[in-house]
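S.K.: got a predicted structure plus its sequence, pasted below:
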Number of protein chains: 2
Amino acid sequence: MAKPLTRATTRYAAEALSYLGRLIREARLARKETLADLAERAGISRGLLQRIEAGDPGCSIGAVFETAALVGIRLFDLDQKTLAANNEALAGKLVLIPRARPTKAKVNDDF
Amino acid sequence: MAKPLTRATTRYAAEALSYLGRLIREARLARKETLADLAERAGISRGLLQRIEAGDPGCSIGAVFETAALVGIRLFDLDQKTLAANNEALAGKLVLIPRARPTKAKVNDDF
DNA sequence: CGCGAATGATCCATAAATAGATCGCAATAG
DNA sequence: CTATTGCGATCTATTTATGGATCATTCGCG
């Protein structure tokens, strides 16, 4: 019983999505690799890779991150080692944060 | 006719995915917001938000980026304005890059 | 303690993503 | 110019993600 269709989309999220897709495309072309070749390396179809490069919000984040990694894009500007370290550190920190409690106070929404 | 099941996943991609999920969780807790509240703001179900925070590769990237944006996470370490500018610039650069040409599988240098 | 709420996990029906094939167009090489 | 090939788009069958409900557990607070 999923909802109709349309999903709210922030301008910022859409912009980031488009940007990531173009980064992947740029990196792929820099490597002089065809859509079909990269798609095969990533284990996805050519059509999906096209949608990823186009910034389609419906693509699975696993497929997107995978292709990004395969063309050498550093997510969060971090190398494998640092990323792993930060991830572990954050995991440890999270255990200490108490769960959220219901509040009437309105939350800060603007950035 | 989708493929069997398992999709190749780079260690780096998986690590980044897990990290992003935890970043979202940390940001949500810092705002003292419950899963249900953030899910509603993002227009997704509570279950999906849980999978996002758990770093599930199968989640749509649109849903993930949307929630990230809603808790104030700056993707690519860029604010809205800079991100838009970079995105535009990259788009312009891309039209100038020639399409990939098939490279000879291997240079035959043995005989 | 004990109550209430958040969280984590599971199940099911349905909407959506994906693979794979195919077409036309455009661009690049020869 | 012609030939070749990447690219973009569309269609269909199938797999998968998602929403919504529910249940048990854990946590936070008085």
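M.R.: Received it, and whenever you're ready, just let me know what you need.

S.K.: the residue nearest to residue A:102 when sequence neighbours are not counted: neighbouring residues, count only.
M.R.: Closest residue to residue A:102 apart from its sequence neighbours, by Cβ to Cβ, 6 or more residues apart in numbering or on different chains: residue B:34 at 7.0 Å. To be clear about C-beta, it is placed using only N, CA and C from the backbone, and glycine gets the same treatment. By the measure other Cβ atoms under 10 Å in any protein chain shown, the count of residues near residue B:34 is 18.

S.K.: now do the phi/psi pair for residue B:34.
M.R.: When read as degrees, to the nearest 10, the backbone of residue B:34 gives phi -80, psi 160.

S.K.: separation between it and residue A:9?
M.R.: 22 Å (Cβ to Cβ, to the nearest Å).

S.K.: residue A:68 now?
M.R.: Spatial separation of residue A:68 from residue A:9 under the definition Cβ to Cβ is 20 Å.

S.K.: of those two, who's got more company?
M.R.: Neighbours of residue A:68 and residue A:9, each counted by other Cβ under 10 Å, are more numerous for residue A:68; the result is 23 against 17.

S.K.: is it correct that that one is in contact with residue A:19?
M.R.: No. In terms of Cβ atoms under 8 Å, residue A:68 does not count as a neighbour of residue A:19; the distance is 11.4 Å.

S.K.: could you point out which element follows whichever strand or helix holds residue A:62?
M.R.: With the criterion set as DSSP states H and E, the secondary-structure element containing residue A:62 is helix A:61-70. Following helix A:61-70 in sequence order, the next helix or strand is helix A:80-96 (DSSP H and E).

S.K.: for chain A, which residues are neighbours of DNA strand C?
M.R.: Contact residues of chain A with respect to DNA strand C, defined by Cβ under 7 Å from any atom of the strand, are listed as A:1-2, A:4-5, A:43-45, A:47-48, A:51, A:56-60, A:63, A:99-102.

S.K.: list only buried entries from those.
M.R.: With neighbours counted using 16 or more other Cβ atoms under 10 Å in any protein chain shown, the residues of chain A next to DNA strand C contain these buried positions: A:44, A:45, A:48, A:51, A:56, A:57, A:59, A:60, A:63, A:100.

S.K.: closest one to chain B out of those, please.
M.R.: Within those, distances to chain B taken as Cβ to the nearest Cβ reach their minimum at residue A:57, with 2.6 Å.

S.K.: all set now, cheers.
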